[in-house]
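Asker: Provided below are the primary sequence and the corresponding predicted coordinates.
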Amino acid sequence: MAHRAWRWWGSGPSHQRYLSLLRASAAGDRGMVVAEAAVVIPVMAGVALVLAWGVSVTANVMTLADATRQAARDIARGVTIDDALTEAQRRAPGAVISVDEAGDLVTVTAREEVAPPFPALEGLRLPIRQSVSVPREWQ
C-alpha cells in the first residue's frame, strides 16, 4: 500500500499537471517583485513620515501642556502675567498664549499649529490647543 502511494505522488497525469501549473505560474510572475517593491517602498516611506508627524504632534502637545500649566500656576501664585507669559513663550515658542482671569480663577490657553514634516502637505497643518484653569492662591 505504501508503494502505491509513493507511485501516485511522484508520477501520473495529475502530478505532471500540477508541476506544469507550478512552472507556468512561476514564469508568469517574472518582474512582479520589482513591481511590488515599486509600490510598497513609497507607501512605507509615507507611513514612516506620518508616524514621524504623529510623534512630532505628541511632543508639541506635551510641550504646550507643560507651558500652560506652569504659566497658570505662576500667575495663581502671584507672578506677573508678563513674566509668566514670557516664560511660557520660552517653553513653547510659536504658540499663541492668552490669559483670562475671572474672579479667583486663572485660565491660560495656548494654541499652536503643527506642520507636517514634508512640504508637499504644508496646507494640512494640525491645530492643537491646551487650556489650564487654576484657582488663585494670592489675593
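Answerer: Good, I have the coordinates.
Asker: can you pull the buried residues of the host helix or strand of Val132?
Answerer: Assessed by DSSP states H and E, Val132 sits inside strand 126-135. Neighbour-count burial for strand 126-135 flags Ile128, Gln130, Val132, Val134 (criterion: 16 or more other C-beta atoms under 10 Å). Where you see a C-beta, it was placed from the backbone N, CA and C, and this is true even at glycine.
Asker: Over to Gly94: give its phi and psi.
Answerer: Note on Gly94: its backbone torsions stand at phi 90, psi -10 [degrees, to the nearest 10].
Asker: what about it, how many residues close to it?
Answerer: 10 (other C-beta atoms under 10 Å).
Asker: Name the nearest residue to it, ignoring sequence neighbours.
Answerer: Glu112 (5.9 Å; C-beta to C-beta, 6 or more residues apart in numbering).
Asker: gap between the strand or helix carrying Val40 and the chain center?
Answerer: Per DSSP H and E, Val40 falls inside helix 32-76. Offset of helix 32-76 from its chain centre (C-alpha atoms, centre = their mean, to the nearest Å): 4 Å.
Asker: pLDDT of it, averaged?
Answerer: Averaged over helix 32-76, pLDDT sits at 89.
Asker: Next, the buried residues of the helix or strand following that helix.
Answerer: Sequence-wise, the next helix or strand downstream of helix 32-76 (DSSP H and E) is helix 81-91. Applying a neighbour-count criterion of 16+ other C-beta under 10 Å, the buried positions in helix 81-91 are Ala84, Leu85, Ala88, Gln89, Arg91.
Asker: Now do helix 81-91, average pLDDT.
Answerer: Per-residue scores along helix 81-91 average to 93.
Asker: Parallel or antiparallel, which strands does the helix or strand just after that helix pair with?
Answerer: Where DSSP H and E defines the elements, the next helix or strand beyond helix 81-91 is strand 96-102. Next to strand 96-102 in the sheet, as set by DSSP bridges, lie strand 105-114 (antiparallel).
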